Every structure is written in C-alpha cells, then in structure tokens.
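In: okay, here's the prediction I keep looking at, along with the sequence it came from:
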Amino acid sequence: MQRFDPIERCAAALLIGVAAVLGLLTVGCQRADPPPKLPDPGTTHDVQVLIETNQITVGDPVRVRVVATHPAGAQVELPDLADVETLTVRERRVWQQPLDDARTQSVHDYTLTAFRRGAHPLGTGTVRFVQGELEPVEQEFPSYKLTVVSVRESEADVAPPRGLWDWPGRVPHWVWVLGGIALLAALLGLLAAGLMTWSRRPPPATPPPLPHEMALAALRRLRDKGYIERGEVNPYFTELSAIVRQYLEGRFGLRAPELTTEEFIREATTTKVLDVAAQALVTDFLTQSDLVKFARFQPDAATMHAAYEAAERLITITRVQPKSTDPQEATT
C-alpha cells in the first residue's frame, strides 16, 4: 500500500478545500433567473413579467421577475403584485441595470407562495413611470395568473401558518464569503502544522558502509599519498598490509591484525572462508609485505603497482554480493 507523507496529505487536503470553497462561492453567487427579453431599440416604456412556472402546489415557492424599461432617471411604480388573501410575498429584491445612455431597466424579483387553491392573478392595475415634472406615463400591467393545486385529498383550503412573513430568504453573499475564508484558513493551519511536524522529523538513518567500500576508499587515499612516486617502500607496504588485514577481519570475521602472516594464512585455509584463488592472492601479497618490512626488500615502482592491484583484486572478488531479485537466480 502506498503511503503519503504529511506534506502530501496536507497539500491534497488544501486542494480539496480550495475546490470546496470555490464550489460554495459559485453556488452562493449563481443566479438561475431567466434573462429578460431586450425591448426594441425605439421602445422607451415597457413592462415584462417572467414567471418560473404558472402552476404550483399549496405552500410551494415560485419566483417572479418584473422588468420595467424606462428612460434613465425615471421612477417606476408597480401595483400590488400579491393580494394578502391569496398570494404572499416571501422575498422581494429590486435592482437596476442600464441598457444604453438613455434607457434603464428596473428589475423587481419576487418569491411568492399561496395557501389557497385556484387561479390567482399576479397583479392588476397599471404601471406608472414618473420622471421629474413630466407627465407620468401609465401602462397596463401584463395579465398573468398563478394556478395553485393541492396534494391533499380533502377539498378544504389549507390555512397559512403563523410567522409566514418571517420566513428566511436567500443566504446573503457575505455569509458564503466568510464561510469560505474560514474554511480556507483552517486548511492553511493544517498545512502549517503538517510542515512543522515534517521539519521536526529526524532524518533517515544512513546504513554503515560495507567492508569492501571502506577498504577501496582507503586504497584510493593510499594511492593519492604519492608513496610510489617517491619510492617510499616501507610506509607504503605497511599501510597496504593494514588495509587488507582490516578488510578481511570485517568481511570474514578473522582476527587478521592479531595474527602473523603464517598464522593468518593457516586459519583462512582451515576455515575455508577464502577460495583457492583468494588464498593465493593473500599468500603472495602478505609474503611480499613481510619481505619489505623484515628482510629489507626494496621493490621497484612496478612491483608496488602490482601489489596495489593485487590488493584491489582481492577485495573485489571477495566483496559482499548484492542479493538477486531474479527468481531463477534465487533458486540456483
């Protein structure tokens, strides 16, 4: 199973939260009201009524929009859209939008409901357009009726409940904005907490180097000291012998630094930790090192290079081999 660290989890939560905030703001700000039909360019006074549906059940809300087109600066006086005995206004909102330099539209949005069955007129009378000291312009209000049906088997009317005028309308836009900001702040706090936890987590432990890795690194350091170029035989073979003995001790568990050359070769042969080729390399290498240290043997640069290569080849052929992931190799 794939595991995610705290930063990935917090980042994923933050992205989900931002998407949720944008979704909430979109839902809170969207308006599903149908757009009014634009009047002809030459029309100065016009009234349109847009109704969501002309039939509802008792108690259901219905949206109605009245759009009045008039000269800029004029005031619109609408007749009472609902009779208290038949229809009830649950919400009303008025706003304006300019059409051009000379004309403006006044938009009246209503949410109505009814608790009596039957066909109810939306409004009667005339619409008055008043502009300063000019003669008011009157126009008949469009004739529309709203049919209210009942889902009850009884033919009796349903009485309106108390507190009807206090019913809530749409959720204000600022509520959605504040809610989205609060949610975003909470997600940012979670992200900050995850980052702090991640920063305090100790770094992963580094595995210790293998014996052959330490030995090969020591050989490279010995080569860079320049003993061969200066002909310094004794310190060169002393350090080279110590590197090989320490490697064999770490690789095979032999007590190489504490044994003489003869004792070490005997133990390696007896315990069979080294194959024949490796035993030959160890024997030649350690014997040559003893000749330099005790018999005052002075090899040339080529012999010193050959001893270095022999030590490197011994470490390479006896190093720990990585485990194979091939099933066929694992069974052989």
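Out: Thanks, I have the structure now. Given the structure is predicted, the values throughout are model-derived calculations rather than measurements.
In: OK, contacts around the closest residue in space to Tyr227 that isn't next to it in sequence?
Out: The shortest distance from Tyr227 to any residue other than its chain neighbours is 3.8 Å, reached at Tyr236 (C-beta to C-beta, 6 or more residues apart in numbering). The way it works is simple: take the backbone N, C-alpha and C, and place the C-beta from them, glycine included. If a contact means C-beta atoms under 8 Å, 6 or more residues apart in numbering, then Tyr236 has 222, 227-228, 304 as its contacts.
In: let's see that with 7 Å instead.
Out: 227-228, 304 (C-beta atoms under 7 Å, 6 or more residues apart in numbering).
In: quick one: the strands in this structure?
Out: According to DSSP state E, the chain carries its strands in the segments 46-51, 55-57, 62-71, 75-77, 87-98, 103-114, 118-121, 126-130, 137-140, 145-149.
In: out of those strands, flag the one nearest Glu232.
Out: Proximity to Glu232 (C-beta to C-beta) singles out strand 87-98 among those, at 97.2 Å.
In: quick one: list the elements packing against the closest one.
Out: On a contact count with 3 or more C-beta pairs under 7 Å, 6 or more residues apart in numbering; DSSP states H and E, strand 87-98 meets strand 103-114.
In: for the strand it packs on, name the packing helices and strands.
Out: Contacts of strand 103-114 with other secondary structure elements, assessed using 3+ C-beta pairs under 7 Å, 6+ apart, are made with strand 62-71, strand 87-98.
In: who touches that strand?
Out: If you take C-beta under 7 Å, 6+ apart as the criterion, strand 103-114 is touched by 33, 44, 58-72, 76, 78, 81-82, 86-99, 120, 146, 148, 169.
In: just the buried residues out of the residues you listed, in ChimeraX syntax.
Out: Selection command for ChimeraX covering only the buried members of the contacts of strand 103-114, criterion 16 or more other C-beta atoms under 10 Å:
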select :58,59,61,62,63,64,65,66,67,68,69,70,76,78,81,82,86,87,88,89,90,120,146,148
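In: coming back round to it: possible to save the strands of the chain as TSV with distance to Asp275 and mean pLDDT?
Out: Formatted as TSV, the entries for those read as follows, by distance: least, C-beta to C-beta, whole Å; pLDDT from 0 to 100:
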stretch	distance to Asp275	mean pLDDT
strand 46-51	96	86
strand 55-57	95	87
strand 62-71	93	86
strand 75-77	106	87
strand 87-98	94	84
strand 103-114	94	85
strand 118-121	106	81
strand 126-130	110	87
strand 137-140	112	86
strand 145-149	100	84
